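>>> After the sequence you'll find the predicted model.
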Amino acid sequence: MKVGGAVIFQNPLNQRSDYEVYQHDLRIGDMYEPLGFDSIWSVEHHFDDYTMCPDVLQFLSYFAGRTKKAELGSMVVVLPWHKDPIRVAEQISVVDHQSNGRMLLGLGRGLARIEFDGFGVSLDESRERFVEYAQMIIEGLEKGYCEFDGKYLKQARRDIRPKPFKSFKGRTYAAAVSPESARIMARLGIGILIIPQKPWEAVAQELSEYRQIYKQVNGGEPLPTIAAGWVFCDKSADRAREMAVKYIGGYWQTALRHYEMAGEHFGKAKGYEYYQQMAKNLQGAGKDASTEYFLNLQVWGTPEMCFNKIDEIRRRVNANHFTGVFSYAGMPWEEAERNVTLFANEVMPELKKLNGVKAEAA
């Protein structure tokens, strides 16, 4: 099993300067390859303190020059926010050249109203825009040129330069939280990147449908999934629990604020019906119950507990790659350094001994 580390640049409630956050998290990123992590990831978000990486491909370009072996993953490039998606195709090709073919391409369609409003894009259009943009980019990276005539995307044929020098088949993924999104990814012929927000049992059920559609459309088996999670590893189970509540729970509160999960706007936005039900469920739960719900999806505890949780996730969703987030919610540097180092020394070697397995159907 491969193991990755993510860097997300959180500054909850602006407790530090953004400069301090960047220096802190870039140090975390620099730790990953020397500690033996197989991949380095970041995310794309805009306009507030939730996460401050507005250009994940720029981030990967930076680490392409600072690493030799680690794969470089986008978790994810949010396509509807890029009104000229041919530029995304160009940037992807540049990162792949800079890293000698080490890029793992993750795509997504986005959720937060603050970001869609900031770019002047309607939530109602996000799914259709994602499908058109993803189709053009995926095909363009294989053909070496982009061309498309769709409802939202009109692109005359133009070459991608530098030309892609190797195929992105087998290393292109998309985040899929809603069941309909999983179906779309199957039709596009790409893998699934799981950023946990719902019970793993439900994820496993939807992946079963994804695999069936994938086989029908593409033939053969889909890629194993990549699973992500928020990690807190400590020698003491009691302290791990305390810190998980503080920091993983703290992260969850920033996500609820950023995505306005208690809001009613999802019921009015086309393609976000799943989130409408999710918002209703969260509205009915208190803060403590909501935090417990999120904690149950993540990876925390002693090294043995962390290993067992990731192994459980691996078996449920047929994952061959786990990516951990180790610094978040204003965690002090010393705590983040201890977290990632303990995980790398005691959990990661055991994970790398695991072979891929077929998912246990829910």
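That came through, no problem.
>>> lowest-pLDDT helix or strand in this structure?
For the chain, using mean pLDDT, DSSP states H and E, the weakest element among its helices and strands is helix 273-284, scoring a mean of 64.
>>> Grab the most central residue of the protein for me.
In the chain, the C-alpha nearest the mean C-alpha coordinate belongs to M75, at 3.4 Å (Cα atoms, centre = their mean).
>>> show me the contacts for that residue.
Contacts for M75 (Cβ atoms under 8 Å, 6 or more residues apart in numbering) come out as 6, 41-43, 56, 106, 175, 193, 195, 228, 323. Bear in mind the C-beta positions are built from the backbone N, C-alpha and C, glycine included.
>>> can you give me the end-to-end distance of stretch 68-78?
Start-to-end span of stretch 68-78 (Cα to Cα, to the nearest Å) is 27 Å.
>>> Read off the pLDDT value for the residue nearest to the centre of the chain.
Predicted confidence (pLDDT) for M75: 96.
>>> for the residue lying closest to it once chain neighbours are set aside, what are its contacts?
In space, and not counting its chain neighbours, M75 is closest to W41: 4.5 Å by Cβ to Cβ, 6 or more residues apart in numbering. Neighbour list for W41: 4-7, 72-75, 104, 106, 228, 323 [criterion: Cβ under 8 Å, 6+ apart].
>>> And for F148?
132, 135-136, 154-155.
>>> Restricted to helices, list those residues.
Mapping the contacts of F148 onto helices (DSSP state H) picks out 132, 135-136.
>>> now, among the residues you listed, which is nearest to T254?
E132 (31.1 Å; Cβ to Cβ).
>>> Burial check on V231, number of neighbours?
28 (other Cβ atoms under 10 Å).
>>> separation between it and L295?
According to Cβ to Cβ, to the nearest Å, V231 stands 12 Å off from L295.
>>> do D49 as well
Taken as Cβ to Cβ, the span from D49 to L295 is 22 Å.
>>> Closest one of the contacts of M75 to V21?
S42 (12.9 Å).
>>> shouldn't that closest one be in contact with V7?
Yes - under the criterion of Cβ atoms under 8 Å, S42 is in contact with V7, at a separation of 5.1 Å.
>>> overlap in contacts of the two?
53, 59.
>>> picking up where we left off before, make CSV from the contacts of W41 and add secondary structure and distance to G250 to it.
Shown next, in CSV, are the contacts of W41 (DSSP: H, G, I helix; E, B strand; the rest coil; distance: Cβ to Cβ, whole Å):
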residue, secondary structure, distance to G250
G4, strand, 22
G5, strand, 19
A6, strand, 17
V7, strand, 17
L72, strand, 28
G73, strand, 24
S74, strand, 25
M75, coil, 20
L104, strand, 28
G106, strand, 25
A228, strand, 18
T323, strand, 20
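>>> Could I get these in a markdown table, plus columns for distance to V317?
Conversion of the contacts of W41 to a markdown table gives the following (distance: Cβ to Cβ, whole Å):
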| residue | distance to V317 |
| --- | --- |
| G4 | 16 |
| G5 | 19 |
| A6 | 18 |
| V7 | 23 |
| L72 | 23 |
| G73 | 17 |
| S74 | 20 |
| M75 | 16 |
| L104 | 17 |
| G106 | 16 |
| A228 | 11 |
| T323 | 13 |
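>>> Perfect, that will be all.
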